[in-house]
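Undergrad: Any chance you could fold what I've pasted below:
(4 chains)
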2 protein chains.
Amino acid sequence: MILKSQVEWALHCCAILAGLPEGRYLSTKALAEFHGLPKEYLSKALQSLSQAKLVESTLGPSGGYRLARPTAEITFLDVVEAVEGKERTFACSNIRANNPCRPEGYCEAGPCAVARVMWDADEAWRAKLRSVSLAALVQTLEQEIPTTLWQSSFQWVLKRAG
Amino acid sequence: MILKSQVEWALHCCAILAGLPEGRYLSTKALAEFHGLPKEYLSKALQSLSQAKLVESTLGPSGGYRLARPTAEITFLDVVEAVEGKERTFACSNIRANNPCRPEGYCEAGPCAVARVMWDADEAWRAKLRSVSLAALVQTLEQEIPTTLWQSSFQWVLKRAG
DNA sequence: TAGAATACGGATAATAAATATCCTTATTGC
DNA sequence: GCAATAAGGATATTTATTATCCGTATTCTA
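TA: The predicted structure follows:
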């Protein structure tokens, strides 16, 4: 079990969009170029973000994407779920129902104990992702990335932002 | 991203093996029949458990599997990792290295900030799975499953255990 | 107003992973 | 010796992921 690579792409794209000045848009082309990713396929990830209302888009030249909400109000979980979907990572097929000793017409009361544990763990994962916002990510990046690289990247993006 | 169905199968099989009396074995055939699963493919999951040293096996008629450790010393994480592997659920391809503004020969210091968050969440998931033992699962099941079903299942298993 | 650049969605292909089956071998109990 | 078993290799089958291509509507710019 491994997350789609689109999750990684979407998170990095959001990090870039988070630094975009108010009212400006950045195109798929620019995002793909900046990250060295296939433009057409990255486009699908961005469309997922758009459908999840995490980003807004405009058409035409100078079109592209921008965040739809303040960076403090978008979490890692939002992005991950936009790309991966909201379904739990453990699917219970209720195999206990195949127990040959199960009486006719017997129906289990609640969810399986095995599934509950797996779902609790899934929720712990999601809680952790929910606890980190894009704002927090940007703050970390700003501290870690060398100033010159940070600024040159910012310039690179601005030059291409519509 | 969804866990293999073998994870579910392995957990339920371990729950059964946890109730097996000292020194007895239960075959793949019996476990497959009890859960309504394809014997050949379930066998692969049990082999994974065996390779991870969570269960022991013997050959021949009356052969099969039994737990290799006390139920209190086998966790959900042990079983999940035996089947799914120990790799993290987020793979960082280090796409920041594709940044066109990155100076020649520049080398990132530590892991990417995005990956760290994803890995923290992964660890939260694992911690939760690590916190639940087979002993705890059996205790829950014993409380939840109707006594008659519990006992008849136990009898069913014992009749087939070598 | 024409043309170019864009997001969007549908269709399709290529690759990888999960699911499943079959067969052979070595071991064990009867 | 025979039957039942775990183990592991080989091979399909099915599904998911990754990727590309194309047509359409929209928007900016010249």
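
Undergrad: quick one, helices of chain A?
TA: Assigned by DSSP state H, chain A shows helices spanning A:5-18, A:28-35, A:39-51, A:76-84, A:113-130, A:134-144, A:147-160.

Undergrad: Spatially, what comes nearest to A:Leu137 if we skip its sequence neighbours?
TA: Closest residue to A:Leu137 apart from its sequence neighbours, by C-beta to C-beta, 6 or more residues apart in numbering or on different chains: A:Ala15 at 5.8 Å. Bear in mind the C-beta positions are built from the backbone N, C-alpha and C, glycine included.

Undergrad: So what's the residue count around that neighbour?
TA: A:Ala15 has 19 neighbours, counted by other C-beta atoms under 10 Å in any protein chain shown.

Undergrad: re earlier: make a markdown table from the helices of chain A and add distance to DNA strand D to it.
TA: Listed next are these as a markdown table, based on distance: least, C-beta to the nearest atom of the strand, whole Å:
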| stretch | distance to DNA strand D |
| --- | --- |
| helix A:5-18 | 4 |
| helix A:28-35 | 9 |
| helix A:39-51 | 4 |
| helix A:76-84 | 7 |
| helix A:113-130 | 15 |
| helix A:134-144 | 21 |
| helix A:147-160 | 13 |
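
Undergrad: follow-up on the earlier one: thought A:Ala135 was touching the residue nearest to A:Leu137, still the case?
TA: No. Counting by C-beta atoms under 8 Å, A:Ala15 does not reach A:Ala135; the two are 10.7 Å apart.

Undergrad: And the pLDDT at A:Cys107?
TA: Per-residue pLDDT puts A:Cys107 at 81.

Undergrad: Quickly note the distance from it to chain B.
TA: Distance of A:Cys107 to chain B, computed by C-beta to the nearest C-beta, to the nearest Å: 11 Å.

Undergrad: and the residue nearest to A:Leu137, what does it touch?
TA: Residues near A:Ala15 by C-beta atoms under 8 Å, 6 or more residues apart in numbering or on different chains: A:134, A:137-138, A:141, B:114.

Undergrad: export those to a markdown table and tack on neighbour count, pLDDT and distance to DNA strand C?
TA: As requested, the contacts of A:Ala15 are exported to a markdown table (neighbours: other C-beta atoms under 10 Å in any protein chain shown; pLDDT from 0 to 100; distance: C-beta to the nearest atom of the strand, whole Å):
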| residue | neighbour count | pLDDT | distance to DNA strand C |
| --- | --- | --- | --- |
| A:Leu134 | 25 | 98 | 18 |
| A:Leu137 | 24 | 98 | 22 |
| A:Val138 | 18 | 97 | 21 |
| A:Leu141 | 18 | 96 | 22 |
| B:Val114 | 24 | 98 | 21 |
